[in-house]
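Asker: Fold the following, please.
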Amino acid sequence: MKEMNSTIKNILGNAYPVIQNNIFRMIGTISPKTLASIQYQRGFGRKIDWNDPKDINEKINWLKFNTDTTAWTTLADKFRVREHVERMGLGNMLVQLYGHWDDAEDINWDALPRQFIMKTNNGSGEVFICKDKAKIDTAAWTATFKTQLAMKFGRSMGEPHYNRIKPCIIAEELLDCRKQPIPSSSLIDYKIWSFDGKPAYIWACYNRTHASVQVALYDLDWNFHPEYSISTPHYILADKPMPKPKSLDQMLHAAAVLSKGFPELRVDLYEVDDKPYFGELTFSSAAGFNDFYTPEFLRILGDLTILNK
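Answerer: Presented below is the predicted three-dimensional model:
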């Protein structure tokens, strides 16, 4: 099978990933669970155990297709989650919202400040940064967001809760990367693995580019755990720990509050100028195909995820 795949790749060349992704999207439209089974076996070389899931990847996939994920759709929506964060008493952690639009043609460029970020509410990592509004091509940005609004981000990885999000565009405050615990070309993303109100581990991501991101794993006491991570071309393992964020206790409190009632949830936060900011809520980390942790750590996270079968 591997030899056949290699032959097909050689024949199709650069067209192979596009064709493959289109096939996955088609399968994901017809049967997201079938696609998840295919993606899991491709990634880990074994079938997913739907009847007795054990590690975090199996349990995320089990939750996707065996529970009511209506709340996932609302809370994974980067615009509509803001109301939930406010309702949970954490409104002071929200970055300033400058506007939201259902149609790219309706973006009010004149009303935006000189600097801002812009993204869709259902995307994954596609953030456009404006440091000087006078220098951006608004027509090109409008065209790009028209395309993004038409995309269904959950289809290629078997995440139906993303497909149900009503897409829109949001513009928010640009946080200053220079005011962080360490120099980083991007915001340091503190991704807190939490389990029904109990934070457990922090996955810190920084120096993010389109090609790669540096990563480091910590426990709640900020002990560095490189032994649980796998370095890949995209996920580059940090060679030393970074300083503990000064607002860590506030971050952990927020993670506890926001994850209550969910078997597993990754609460993504930032810290700028010693103040914590809300990023997003992620129910299906890496779509349930996390390949940058060791099998031991995947099982640790799985054991912390209690399923209500």
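Asker: C-alpha only now, for contacts and for neighbours.
Answerer: Noted.
Asker: give me the low-pLDDT residue ranges for the stretch 1-150 of the chain?
Answerer: Within the stretch 1-150 of the chain, the segments meeting pLDDT under 70 span 1-19, 21.
Asker: Measure how buried Asn308 is and give me the count.
Answerer: Neighbour count of Asn308, defined by other CA atoms under 10 Å: 8.
Asker: do Phe224 as well
Answerer: Neighbours around Phe224, by other CA under 10 Å: 17.
Asker: again, but for Ile30
Answerer: With other CA under 10 Å as criterion, Ile30 counts 12.
Asker: For it, give me phi and psi.
Answerer: phi -80, psi -50 (degrees, to the nearest 10).
Asker: again, but for Val215
Answerer: Phi and psi for Val215, reported as degrees, to the nearest 10, are phi -140, psi 150.
Asker: Next: Val272.
Answerer: With angles defined as degrees, to the nearest 10, Val272 sits at phi -130, psi 130.
Asker: So what pairs up with it in the strands?
Answerer: Beta-bridge pairing of Val272 under DSSP bridges involves Lys275.
Asker: How about the contacts made by it?
Answerer: Listed by CA atoms under 8 Å, 6 or more residues apart in numbering, the contact partners of Val272 are Leu175, Asp176, Cys177, Lys179, Gln180.
Asker: same check, this time on Lys131
Answerer: Neighbour list for Lys131: Arg114, Gln115, Phe116 [criterion: CA under 8 Å, 6+ apart].
Asker: Could you rerun that using 10 Å?
Answerer: Lys131 makes contacts with Pro113, Arg114, Gln115, Phe116, Ile117, Leu174, as judged by CA atoms under 10 Å, 6 or more residues apart in numbering.
Asker: what's the answer for Lys119, then?
Answerer: 78-79, 100, 125-129, 145, 148-149, 168-172 are the contacts of Lys119 under CA under 10 Å, 6+ apart.
Asker: Drop anything exposed from the contacts of Val272.
Answerer: Leu175, Cys177, Gln180 (16 or more other CA atoms under 10 Å).
Asker: Using CSV, lay out those residues together with secondary structure, pLDDT and distance to Asp268.
Answerer: Formatted as CSV, these follow (DSSP: H, G, I helix; E, B strand; the rest coil; pLDDT from 0 to 100; distance: CA to CA, whole Å):
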residue, secondary structure, pLDDT, distance to Asp268
Leu175, coil, 97, 15
Cys177, coil, 94, 16
Gln180, coil, 95, 16
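Asker: tell me how far the ends of stretch 148-157 are from each other?
Answerer: Start and end residues of stretch 148-157 are separated by 17 Å (CA to CA, to the nearest Å).
Asker: er, stretch 230-242 actually
Answerer: Using CA to CA, the end-to-end distance of stretch 230-242 comes out at 18 Å.
Asker: Format the CA atom coordinates belonging to stretch 113-126 as CSV.
Answerer: Only the C-alpha atoms of stretch 113-126 are listed here, as CSV (Å, rounded to 0.1, in the frame of the first residue of the first chain):
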residue,chain,number,x,y,z
PRO,A,113,-7.9,51.8,13.8
ARG,A,114,-4.4,51.9,12.4
GLN,A,115,-3.5,48.5,13.8
PHE,A,116,-5.7,45.4,14.2
ILE,A,117,-6.0,41.7,13.5
MET,A,118,-8.7,40.2,11.2
LYS,A,119,-9.9,36.6,11.0
THR,A,120,-12.9,34.4,10.4
ASN,A,121,-14.7,33.0,13.4
ASN,A,122,-14.4,29.4,12.2
GLY,A,123,-10.9,29.2,10.9
SER,A,124,-7.8,27.5,12.3
GLY,A,125,-4.8,29.7,12.6
GLU,A,126,-5.6,32.0,9.6
